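**Student:** Quick check, what structure comes out for this input:
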Amino acid sequence: MHSKYARACSKDLDIKNIETYAKLKGLSIVGTGDFTHPKWIEELKRDLTPNTTGKTGIYETKTGFPFIYQTEISLVYSQGGKGRRVHLIVLAPSHEVAVQITDQLKKHGRVDYDGRPIFGMSCISFVEEMIQISKEIEIIPAHAWTPWFALFGSNSGFDSIKDCFQDQLKHIHAIETGLSSDPPMNWRLSQLDNINLVSFSDSHSYWPWRMGREATVFSLQKEILSYIQLIKAIRTGEQLWGTIEVNPNLGKYHATGHRNCKVCLSPADALKVNNICPQCRSKLTVGVDQRIEALADPDRPLGFKPKNAKEFASLIPLSELIASLFGKAVASKGVFAEYHKLIKAFGSEFNILLSASKPELESYTTPQLADVILLNREGKIEVKPGYDGVYGVPLVPGGKGCVSSEEELDVKKKIPRTQRDAKQKGLDDF
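**Tutor:** Purely as a prediction, here's the structure:
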């Protein structure tokens, strides 16, 4: 998550709203986001209290909804003769450790200008400094494949996870798949065989088509859940069931392309034009699909599945299904009305998307939407791929198509429209 103190984020993104929509979505624990920001951590101290029944490291609202301390850090530096830009998720075991992390980072720069601060240090140095504070701090490469700010980013990352972290790789146990990749794509790299795959929404708002669009699923009892149990599952893979992912074509960087010219290409077609836009001759933004193809093991074709592979579910958010079927804006009153009618009947969005039967669904919505929800569950909805900062578009059978909402347009006005601005401001994963 992010907070209202991060750039290009909703100014209503506070604990109360996060809790409300987390419950609607069906989430059972959420990261606080942005704990390095001085104003946000004061709000966390005010709004969250440590659990006193043995759930060490779990912080709760007044109604008992659980959070863990989490933030995202942007590292911009040079290594191996190349400029690197890598985003890292940081999980902390307590409020006190979160404060220590922030105090350490203040030695490298400011933390008060953005919820996701930027520092000119390497991933190697960052991990080393964090582990000296506490071995219970967990560091996870964020949206590992996006082009501009990621471990394997085509324009700013590394070809191997070992090159990125070197002797500190022993402290890296998982990577985040990100919106533009899914587990089967990552399974093609043997260098990730001992790295667990996790997925999070990286949400910039609390709306249900953003928050919880991706999640990690644990086989843990939430009634007795502690931070240590959660981290052990991430580190060992034990009691880590798998992930909930969006179709990777929905991600803004799945395909290779150039948005100004509306050029979107498959990896093979992009290579035919040497990754140069056939219309304006500028460089194409190499997408995640092509990047994985370049780094995949030669003996691991599409469809390869390692022995220790975890489960995953591929889902398009319910709001987007409703909007696409009925030709509405995703934030329109009509979509919200249909969404909340279903939530009232089934309790949560995940219950609707993963469990509700067709007869049950048809008791509360149209047969067409019931069919679309089941097709979504089976991964049978085609998606026009996203590219170069443009989200993919679900092609719902019989649908009228989703139209742009004012809420989306208002937020997008705050987002840099050029790749140069995006690279400078670090907003490519929005």
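**Student:** Give me the pLDDT for the residue nearest to residue 63 when sequence neighbours are not counted.
**Tutor:** Leaving aside its sequence neighbours, residue 63 sits nearest to residue 19 (C-beta to C-beta, 6 or more residues apart in numbering; 7.3 Å). The C-beta positions use only the backbone N, C-alpha and C, and glycine is treated the same way. On the pLDDT scale, residue 19 is placed at 98.
**Student:** and if you look at residue 52?
**Tutor:** At residue 52, the pLDDT recorded in the model is 87.
**Student:** Equivalent analysis for the one 5 residues further on, please.
**Tutor:** Per-residue confidence (pLDDT) for residue 57: 97.
**Student:** Kindly provide the distance from it to residue 230.
**Tutor:** Noted for residue 57: a distance of 8 Å to residue 230, by C-beta to C-beta, to the nearest Å.
**Student:** Tell me the residues that contact both of these two, please.
**Tutor:** residue 68 (C-beta atoms under 8 Å, 6 or more residues apart in numbering).
**Student:** buried sites along stretch 26-46?
**Tutor:** Neighbour-count burial for stretch 26-46 flags 26-37, 40-41, 43-44 (criterion: 16 or more other C-beta atoms under 10 Å).
**Student:** Mind telling me what element residue 76 is part of?
**Tutor:** Here residue 76, judged by DSSP states H and E, is contained in strand 66-79.
**Student:** picking that back up, the residue nearest to residue 63: what's it in contact with?
**Tutor:** Contacts of residue 19 by C-beta under 8 Å, 6+ apart are 30, 61, 63, 65.
**Student:** My understanding was that the first one contacts residue 69; is that so?
**Tutor:** No: in terms of C-beta atoms under 8 Å, residue 30 does not count as a neighbour of residue 69; the distance is 11.1 Å.
**Student:** what about the stretch 101-250 of the chain, any weak spots by pLDDT?
**Tutor:** Within the stretch 101-250 of the chain, no stretch has pLDDT under 70.
**Student:** Tell me which stretches of it form strands.
**Tutor:** Assigned by DSSP state E, counting those that start in this stretch, the stretch 101-250 of the chain shows strands spanning 118-119, 138-141, 174-176, 196-198, 215-218, 240-245.
**Student:** Equivalent analysis for the stretch 301-430 of the chain, please.
**Tutor:** Going by DSSP E, counting those that start in this stretch, the stretch 301-430 of the chain shows strands at 311-314, 382-384, 393-395.
**Student:** Which of the ones you listed sits closest to residue 142?
**Tutor:** Between residue 142 and the strands of the stretch 301-430 of the chain, the shortest gap by C-beta to C-beta is with strand 311-314, which sits at 18.2 Å.
**Student:** Okay, buried residues for the closest one please.
**Tutor:** 312-314.
**Student:** Now do stretch 102-114: distance to the chain's middle.
**Tutor:** Here stretch 102-114 is found 24 Å from its chain centre; the criterion is C-alpha atoms, centre = their mean, to the nearest Å.
**Student:** no no, stretch 192-212
**Tutor:** 3 Å.
**Student:** quick one: terminal-to-terminal distance for that stretch?
**Tutor:** 24 Å (C-alpha to C-alpha, to the nearest Å).
**Student:** change the start of the numbering to 563 and stick with it
**Tutor:** Sure, I'll start numbering at 563, so the last one becomes stretch 754-774.
**Student:** Show the pLDDT at residue 898.
**Tutor:** On the pLDDT scale, residue 898 is placed at 96.
**Student:** which helices and strands does the longest helix seen in the chain pack with?
**Tutor:** Looking across the chain with DSSP state H, the single longest helix is helix 895-908. If you count contacts as 3 or more C-beta pairs under 8 Å, 6 or more residues apart in numbering; DSSP states H and E, helix 895-908 packs onto helix 880-888, helix 911-916.
**Student:** Determine which stretch of the ones you listed is the most buried.
**Tutor:** Highest mean neighbour count of the helices and strands packed on helix 895-908: helix 880-888, a mean of 25 (counted as mean count of other C-beta atoms under 10 Å).
**Student:** With just CA atoms, put that one into PDB.
**Tutor:** What follows is helix 880-888, C-alpha atoms only, in PDB (Å, rounded to 0.1, in the frame of the first residue of the first chain):
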ATOM      1  CA  LEU A 880     -15.100  -7.200 -10.000                       C
ATOM      2  CA  SER A 881     -15.600  -3.500 -10.600                       C
ATOM      3  CA  GLU A 882     -13.800  -3.700 -14.000                       C
ATOM      4  CA  LEU A 883     -16.000  -6.700 -15.000                       C
ATOM      5  CA  ILE A 884     -19.200  -4.800 -14.100                       C
ATOM      6  CA  ALA A 885     -18.000  -1.600 -15.900                       C
ATOM      7  CA  SER A 886     -16.900  -3.500 -19.000                       C
ATOM      8  CA  LEU A 887     -20.100  -5.600 -19.300                       C
ATOM      9  CA  PHE A 888     -22.500  -2.600 -19.000                       C
END
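**Student:** Report the angle between it and helix 895-908.
**Tutor:** Interaxial angle of helix 880-888 relative to helix 895-908 (axes from the mean of the first three to the mean of the last three C-alpha atoms, to 10 degrees): 130 degrees.
**Student:** and helix 880-888, what's its mean pLDDT?
**Tutor:** Per-region confidence: helix 880-888 scores 97 on mean pLDDT.
**Student:** residues in contact with that helix?
**Tutor:** Against helix 880-888 from outside (C-beta under 8 Å, 6+ apart): 769-771, 890-892, 894, 896-897, 900-901, 904, 911, 914-915, 930-931, 934-935, 938, 943, 955-958, 960-965.
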